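Colleague: would you be able to build a 3D model of this:
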Amino acid sequence: MQNEIYDGYSASGAVSQNTVLRKTYTLLGISFIPAVIGAVASTQMGFNIFALFGSPWVALLVFFAFMYGMIFMIEKNRYNNTGVALLMVFTFGVGILISPLLQRTLGYSNGGELIGIAAAMTAGVFLTMSTLARKANINTSKLAGFLTVGAVVLIIGMIASWFLAIPALTLTVSAGFAIFSSLVIMWQVRTIIEGGETSHISAALTIFISIYNIFSSLLQLLGIFNGED
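Modeller: The predicted model follows:
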């Protein structure tokens, strides 16, 4: 099980925090390769999975079925190489799912610039929150409780914004997801440091989803403030 993918054990046989953190960052970096491939390929082809099904309800069900189905399977294999393969499939799929947002943004007069700004801001948030996780005094238990409640509220808000199409609601939900996901990165890194997370696959999955949420939320916000959304 664990010894299939881990090589950094302490004298007691426990996986060291440094090993988990190092492997998490390595796997996270690799996971962006299929994500970029999926996003670029589907964007160039003009593929829109949400338009494919016609009904927004069907598209929503497919979206959640893919996201949570893959998350469940990855977590079931969080200590073996199957989990790594599933994570690559998941990130490729996420790249396809973000394609409609990229296509819409590229339709703006300064779309390429907005994507570059969102990517740079996302990288900055990740580096900042990762650094804070190492230095700040964080109560991970209380933060986890807050994030659980926040996740429920944001999912409800996201569904509502999809169907109500109220600009103010979309703005609020996008900003909420950006803040929420930033805190998730800090919580996940801190949990690894404290020894509460022993699977780099699970940790990389959590951070990847957070980065995806931050990037997509920033694109939404930039589009709104750009006056073209």
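
Colleague: for the longest helix that the chain contains, buried residues please.
Modeller: In the chain, with assignment by DSSP state H, the single longest helix is helix 17-45. The neighbour-count check on helix 17-45 (16 or more other C-beta atoms under 10 Å) flags 17, 19-21, 23-25, 27-28, 31, 34-35, 38-39, 42-43 as buried. No exception for glycine: its C-beta is placed from N, CA and C like everyone else's.

Colleague: ok, stretch 162-172 next?
Modeller: Buried residues in stretch 162-172, defined by neighbour count with 16+ other C-beta under 10 Å: 162, 170-171.

Colleague: what of stretch 43-61?
Modeller: Using 16+ other C-beta under 10 Å as the test for burial, stretch 43-61 gives 43, 48-50, 59-60.

Colleague: report the helix or strand with the lowest average pLDDT across the chain.
Modeller: helix 49-52 (a mean of 73; mean pLDDT, DSSP states H and E).

Colleague: got a list of contacts for the following helix or strand past that helix?
Modeller: If you walk from helix 49-52 toward the C-terminus, the next helix or strand you reach (DSSP states H and E) is helix 56-76. Applying C-beta atoms under 8 Å, 6 or more residues apart in numbering, the contact partners of helix 56-76 are 49-50, 52-53, 83, 86-87, 89-90, 93, 97, 159, 162-163, 201-202, 205, 209.

Colleague: and with 6 Å instead?
Modeller: 50, 53, 83, 86-87, 90, 93, 205 (C-beta atoms under 6 Å, 6 or more residues apart in numbering).

Colleague: and stretch 145-152, by the same measure?
Modeller: residue 180.

Colleague: what about it, distance to the chain center?
Modeller: On the basis of C-alpha atoms, centre = their mean, to the nearest Å, stretch 145-152 sits 16 Å off its chain's mean C-alpha point.

Colleague: can you check stretch 215-227 too?
Modeller: The gap between the average C-alpha position of stretch 215-227 and the chain average comes to 17 Å, counting by C-alpha atoms, centre = their mean.

Colleague: name the nearest of the contacts of helix 56-76 relative to residue 144.
Modeller: Taking C-beta to C-beta as the measure, residue 144 lies nearest residue 205 of the contacts of helix 56-76, at 16.2 Å.

Colleague: secondary structure element for the closest one?
Modeller: Per DSSP H and E, the secondary structure element for residue 205 is helix 200-225.

Colleague: buried residues in that helix?
Modeller: For helix 200-225, a neighbour-count test (16+ other C-beta under 10 Å) marks 200-224 as buried.

Colleague: now it against helix 56-76, angle please.
Modeller: Interaxial angle, helix 200-225 versus helix 56-76 (axes from the mean of the first three to the mean of the last three C-alpha atoms, to 10 degrees): 150 degrees.

Colleague: same for helix 200-225, what does it pack against?
Modeller: Packing partners of helix 200-225 (3 or more C-beta pairs under 6 Å, 6 or more residues apart in numbering; DSSP states H and E): helix 17-45, helix 81-97, helix 99-106, helix 111-135, helix 167-193.

Colleague: want to throw those helices into TSV with distance to residue 147 and mean pLDDT?
Modeller: What follows is the helices and strands packed on helix 200-225, written out as TSV (distance: least, C-beta to C-beta, whole Å; pLDDT from 0 to 100):
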stretch	distance to residue 147	mean pLDDT
helix 17-45	18	93
helix 81-97	20	95
helix 99-106	24	91
helix 111-135	13	92
helix 167-193	6	88
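
Colleague: if we can go back for a sec, and which of the buried residues of stretch 43-61 is nearest to residue 119?
Modeller: Distance from residue 119 was checked for each of the buried residues of stretch 43-61 by C-beta to C-beta. The minimum falls on residue 43, at 14.2 Å.
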